[in-house]
Each structure stands twice: as structure tokens, then as C-alpha cells.
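Enquirer: I would like to see how this sequence folds:
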Amino acid sequence: MDNLRIATYNIRMETPEDCNDLWRDRKENVMKIIQGYDFDIVGLQEAKESQLSDLRKMDHFGYFGQGRSNDEGNEYNPIFYKKDKLELMEFDTFWLSETLKFEEKAKRWDADCPRICTWGYFRIKASGKHVYVFNTHFDHKSENARYYSADLLNQKISQKSEDTPVFITGDFNGESTERFYQIITSTWKDAVRTSSHHVGPKVTCTGQGFNHELSWDKYQSIDYIFTNKATKIKKTAVITDRFNGRYPSDHFPIYVDTTLI
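Expert: The predicted structure is shown next:
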């Protein structure tokens, strides 16, 4: 049987605004989590070019993904994967817009930033089975953009084989009460919510920074992993590891242990 550990992790972009938690001080701990928890595939969000330069030092991982723009606001939603276990067969990046390309605000449903989805089609070397992973980051301001982005995502993924395992990872910037969530879960199952064995809290984002001692009900749940009926969920977890009292990011990584049916 084919077992995979799939994860999603918003690593927080590199910015001088995080004066007490600069990327140079966090990067080793981000990589400790990715490697220490033995992710087979992880979709990242908010990755800047400079951060990718550091992360590519994890040389047993391959990665791919296109940036969302050509300015200082450029970010990637890269997908990292274990090269010894998986062969990348096909990949692409499309924009969450009316044309699937970079568009100005009006044609991306008033999203504050251009938003993208990066996807990969993998072959598991040991068995020859295949799996799709779609990794995205929805807009943080426009609820309308999140709704239409979810609808677009459903349309794009539904073009793939129903019999092939599919995982959707990402920071969706909204709670489960929003319309985008209803759209996605009309077709896909929320791995954490449907898991019979979950470890850790079910919240995923501090919304406050890197070192807050809030009760869990004060945190947000905006990061998700969705999947289809071609997978069996064995375990899910939200990782809240801290290093010297600080979180490596203002988001917690989620992973799912799954068996491909």
C-alpha cells in the first residue's frame, strides 16, 4: 500500500517588519519542521525568492512553482517533494482570475493581490501510482475573490481523473463559515474535520505573530488540506512546535497521513 505524508505550511514571507522574527532567524526552524516531520510533499505559501534560495538547500527535495507577479510583492506557492520517493510527471501554475492569467484587480474579483495555484502530478516510484497536489493561497481581503477562486479551483480539478488521489493544500484566508468552504467541501473532504485521529489543536494561524500565549479559541482556522474519495485518511496533525518560545511562522503547518486507495 502507498502511504504519503502531505502537508501545507504558510512560512510567512521575509520582511523587515518582523524585526524580532526575521527570516534569517526562523529559516533553520522552518526546515527542521519540514524535514523532522518527514513530509513527502509540502505546499508552501508566502515564499519569497530569497526564501526559496535557502529552502532549496534541502537537497533531497525537489520543488517547482511560478511567482505570482514581477514586482516586490512577488510570492510563490511552491510544492516541495521527496525526489527519491516521487517522480514529477507534470506541473503548472495558473492565476485565480477570470482568464487563469495575471490580471488587474477587476478581473480577479477585487482580490487585493494577484493569487495563484501551483499544481503537480506525481508518480510514486515504488508502485507506479499517481497523485495530484494543488497548492494555493486565497486573497486575504476579498470574500468575493475567495468564493470565485474556490469555484474556479473546483472546475480546474474536476477535469482530472476522479479515480486519481487529489490533495488541495493552502492558506484560504477564511473560516469554514464562508462561501468558499461550502463550495470546496461540496466536492472535497476536509482532511482535519473528517479525520478519526487528529493530533493537536484544529486552529492553524495565530493572527498575531510568533509568540502569543492565547487560548486556542482566540486563534484562526484558515489553512486546510482537502482530498477526495481515492484516499484513506489515517491521521492528521497541526504542528505547534516552538523554538526558544517562538513559532517559526505565524501559521502552523498541517499534515495528513494517508493511504492511496
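Enquirer: CA atoms for contacts and neighbours, from now on please.
Expert: Fine.
Enquirer: now the strands for the stretch 1-150 of the chain?
Expert: 2-10, 41-45, 61-64, 79-82, 86-95, 116-124, 130-137 (DSSP state E, counting those that start in this stretch).
Enquirer: who touches the second one?
Expert: When you say that, I think you mean strand 41-45. Contacts with strand 41-45, where a contact means CA atoms under 8 Å, 6 or more residues apart in numbering, come from 4-12, 34, 75-82, 135-137, 169-171.
Enquirer: okay, which residue is most central for this structure?
Expert: With distances taken as CA atoms, centre = their mean, Gly170 lies nearest the centre of the chain, 2.9 Å away.
Enquirer: quick check: bridge partners of that one?
Expert: Counting by DSSP bridges, Gly170 is bridged to Thr136, Tyr224.
Enquirer: is it correct that it is in contact with Thr136?
Expert: Yes: with contact defined as CA atoms under 8 Å, Gly170 counts as touching Thr136 (4.8 Å).
Enquirer: residues near Gly209, how many?
Expert: Close neighbours of Gly209, defined as other CA atoms under 10 Å, add up to 16.
Enquirer: again, but for Glu49
Expert: 15.
Enquirer: equivalent analysis for Thr177, please.
Expert: Neighbours of Thr177 under the rule other CA under 10 Å: 8.
Enquirer: A strand includes it, no?
Expert: No: per DSSP: H, G, I helix; E, B strand; the rest coil, Thr177 lies outside any strand segment and is coil.
Enquirer: for Asp250, give me its contacts.
Expert: Asp250 neighbours (CA under 8 Å, 6+ apart): 10-12, 205-210.
Enquirer: and it, how far from Gly174?
Expert: 15 Å (CA to CA, to the nearest Å).
Enquirer: who's the closest spatial neighbour of Val238, skipping the chain neighbours?
Expert: Excluding the flanking residues, the one nearest Val238 by CA to CA, 6 or more residues apart in numbering is Ile254, at 4.5 Å.
Enquirer: hmm, Thr240 and that neighbour touching each other?
Expert: No: using CA under 8 Å as the test, Ile254 is too far from Thr240 to be in contact (9.5 Å).
Enquirer: contact partners of the lengthiest helix in the chain?
Expert: The residue-count maximum for a helix in the chain (DSSP state H) belongs to helix 143-158. Contacting residues not belonging to helix 143-158 are listed as 96-97, 108-111, 138-139, 172, 178-181, 183-184, 187 [CA under 8 Å, 6+ apart].
Enquirer: which one (most neighbours) among those residues?
Expert: Ranked by neighbour count under the definition other CA under 10 Å, the contacts of helix 143-158 are headed by Leu96 with 31 neighbours.
Enquirer: quick check: it vs Lys105, distance?
Expert: 11 Å.
Enquirer: try Asn70
Expert: 15 Å.
Enquirer: same thing with Gly120?
Expert: 27 Å.
Enquirer: looking at the two, which one has more neighbours?
Expert: Comparing Gly120 with Lys105 by other CA under 10 Å, the one with more neighbours is Gly120, at 22 against 13.
Enquirer: one step back: name the residues of the longest helix of the chain that come out as buried.
Expert: 143-154, 157 (16 or more other CA atoms under 10 Å).
Enquirer: now swap in stretch 96-107 and tell me
Expert: Going by neighbour count (16+ other CA under 10 Å), the buried part of stretch 96-107 is 96-97, 100-103, 107.
Enquirer: tell me which of the residues you listed is nearest to Arg26?
Expert: Leu96 (29.6 Å; CA to CA).
Enquirer: surely that closest one and Asp112 touch.
Expert: No: if you go by CA under 8 Å, Leu96 and Asp112 don't touch, sitting 11.9 Å apart.
Enquirer: in the stretch 101-250 of the chain, where is pLDDT below threshold?
Expert: 161, 208, 211-213 (pLDDT under 70).
Enquirer: common neighbours of Leu96 and Lys105, please.
Expert: The overlap between the contact sets of Leu96 and Lys105 (CA under 8 Å, 6+ apart) consists of Pro114.
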